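Engineer: Can you look at this prediction? I've put the sequence above it.
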Amino acid sequence: MSAVSPLPDRRFPIRHDWTRAEVEAVFDLPFTELLHRAGCAHREHFDPTEVQVSTLLSVKTGGCPEDCAYCPQSAHHGTSLAASKLMDVDAVVEQARQAKADGASRFCMGAAWRSPKPRDMPKVVAMVRAVKALGLETCVTLGMLDAGQARELKDAGLDYYNHNLDTDPEYYGQIIHTRTVQDRFDTLTHVRDAGMKTCCGGIVGMGETRRQRASLLVTLANLPRHPESVPINQLVPVAGTPLANAPALDPFEFVRTVAVARILMPASMVRLSAGRAAMSDEMQALCFAAGANSIFHGEKLLTTGNPDPGYDSALFQRLGLRPMSVENVKSSLSDIPGLTIVRENSGGGCGGGGSCGCSEGGGTGPTLAETTRKRELAQLSREPEDGCGCGCGCEHG
Ligand code: SF4
């Protein structure tokens, strides 16, 4: 077992006191400078060559009583989506097994509810237990929870609960009328109090301004604990929803939003979520350079399309990226001042797993990613007062 000690001087500490003016100034940085700073924040907490991979399954689709303006599952909108019943546990487990075989480390299950009814909970709990037993991280999104439901899910072994803020609290009333921002804060409080991690982000491209995008990220970063996962979604305009004709967001503005999220919440997984199917390879690469380190893998999100799994593998290969292992996912720390990475199996070998052809053995040593990470952390430790902390020799504080 080896350990990398906390860095003496972190350039991108965990903060909960961001102001909107400060964050607007970060948004306004020249694009190259913004990406550089986001890349430094990313390296301070993660191996930038690793991307956490989640798979999302809609376990109960459509007919939702909420009126979220972007969502084809809302019963308020005239979409052609057919409503379905809650899936059987066996069918969900089969999909989770396949997701794991395809490289996912986390399996997310979504149900289009305002909140789960008491009669639904036993089945959801059974799903969580069964998926967890496969060695996957588990996440569900079921709408609003009360404290008792949150505890029930925690007891079942749930790792993450997804509940997005969606947008700037001041713009929220333009998007959703059937539940309040405070309802969302309350659910997030129940999830945190039960001891689970939160997956909480938003959607951009819904007609909001840059100031409102900054405000969304300030609100997320100033929560009592940073969400451990921060999905940044690009609106997927769906015919029949009120936002079907929303004007497209400038792609660079989306990348900026990812970069600012990375800087504000440096130890969180920043997920490139909905909208990826419409992004070019180059735009996705910019998002990874801006600090995105999580994606949904699989042909479909809850109801909208996602890149083909083969496409993702090819893109990872072209960019030199690789899926984050479940172990590395579990060792990523959030909201802890200072970082200690503890690794099992560090007993020698080059980390090439025997595939690189060297004479150092392999398979039991640190992975290539760990070796890279240690080198970077060592450099950061040596030169804390010079430059931006990424070892590039620049002068940014
Ligand atoms: S986003 Fe969720 S809560 Fe809102 S309408 Fe869609 S399924 Fe319902």
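Structural biologist: Yep, it's here.
Engineer: okay, CA-based contacts and neighbour counts for the rest of this
Structural biologist: Noted.
Engineer: did I read that right, A150 in a strand?
Structural biologist: No: A150: not assigned to a strand; according to DSSP: H, G, I helix; E, B strand; the rest coil it is helix.
Engineer: Ignoring the adjacent residues along the chain, who's closest to it?
Structural biologist: V191 (5.5 Å; CA to CA, 6 or more residues apart in numbering).
Engineer: Repeat that for L217.
Structural biologist: That would be A261: by CA to CA, 6+ apart, it lies 6.3 Å from L217.
Engineer: now swap in L134 and tell me
Structural biologist: L134's closest residue in space is R97 (CA to CA, 6+ apart), at 7.1 Å.
Engineer: how deep is the one you found tucked in, by neighbour count?
Structural biologist: Using other CA atoms under 10 Å, R97 has 16 other residues around it.
Engineer: distance of it from P307?
Structural biologist: 20 Å (CA to CA, to the nearest Å).
Engineer: what does A261 give?
Structural biologist: Taking CA to CA, one finds A261 at 23 Å from P307.
Engineer: What of Q317?
Structural biologist: From Q317 over to P307 (counting by CA to CA), the distance is 15 Å.
Engineer: Looking at the two, which has the bigger crowd around it?
Structural biologist: P307 (18 against 11).
Engineer: The residue nearest to I175 when sequence neighbours are not counted and the ligand, how far apart?
Structural biologist: With sequence-adjacent residues excluded and distances taken as CA to CA, 6+ apart, I175 is closest to A69, at 5.2 Å. According to CA to the nearest ligand atom, to the nearest Å, A69 and the ligand sit 8 Å apart.
Engineer: contacting residues for A69?
Structural biologist: I175, I176, T241, P242, L243 (CA atoms under 8 Å, 6 or more residues apart in numbering).
Engineer: Now the spatially most central residue of the chain: which helix or strand?
Structural biologist: Note on the chain: the residue nearest the mean C-alpha position is R271, at 3.3 Å, using CA atoms, centre = their mean. Element membership for R271 (DSSP states H and E) is strand 269-272.
Engineer: which residues touch the next helix or strand after that strand?
Structural biologist: Beyond strand 269-272 in the direction of the C-terminus, DSSP H and E gives the next helix or strand as helix 281-289. With contacts defined as CA under 8 Å, 6+ apart, helix 281-289 is touched by L35, A38, G39, P251, V255, V258, A259, L272, R276, L315, L319.
Engineer: give me the element the third one is part of.
Structural biologist: Right, the one you point to is G39. Using DSSP H and E, G39 falls within helix 31-45.
Engineer: Let me see the mean pLDDT of that helix.
Structural biologist: Mean pLDDT, helix 31-45: 96.
Engineer: Report all helices and strands that that helix contacts.
Structural biologist: With contacts taken as 3 or more CA pairs under 8 Å, 6 or more residues apart in numbering; DSSP states H and E, helix 31-45 sits against helix 251-264, helix 281-289.
Engineer: most tightly surrounded among the ones you listed?
Structural biologist: helix 251-264 (a mean of 24; mean count of other CA atoms under 10 Å).
Engineer: Go ahead and name everything in contact with that one.
Structural biologist: Residues contacting helix 251-264 (CA under 8 Å, 6+ apart): 12, 14-15, 23, 26-27, 31, 34-35, 37-38, 41-42, 204, 213, 217-218, 221, 230, 232, 234, 268, 270, 283, 286-287, 290-292.
Engineer: now could you export just the CA positions of the strand holding R271 as PDB?
Structural biologist: Output of strand 269-272 as PDB, limited to C-alpha atoms (Å, rounded to 0.1, in the frame of the first residue of the first chain):
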ATOM      1  CA  MET A 269     -17.000  14.500 -11.100                       C
ATOM      2  CA  VAL A 270     -18.100  17.000 -13.800                       C
ATOM      3  CA  ARG A 271     -20.300  15.100 -16.200                       C
ATOM      4  CA  LEU A 272     -20.800  15.800 -19.800                       C
END
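Engineer: Partner strands of it and their direction?
Structural biologist: strand 229-234 (parallel), strand 294-296 (parallel) (DSSP bridges).
Engineer: how many degrees apart are the first one and helix 251-264 in direction?
Structural biologist: Think strand 229-234. 170 degrees (axes from the mean of the first three to the mean of the last three CA atoms, to 10 degrees).
Engineer: residues from the chain in reach of the ligand?
Structural biologist: C64, E66, D67, C68, C71, Q73, S74, A112, W113, R114, G143 (CA under 6 Å from any ligand atom).
Engineer: Now do the buried residues in the strand ranked longest in the chain.
Structural biologist: Ranked by residue count and defined by DSSP state E, the top strand of the chain is strand 50-60. Neighbour counts over strand 50-60 (16 or more other CA atoms under 10 Å) mark E50, V51, Q52, V53, S54, T55, L56, L57, S58, V59, K60 as buried.
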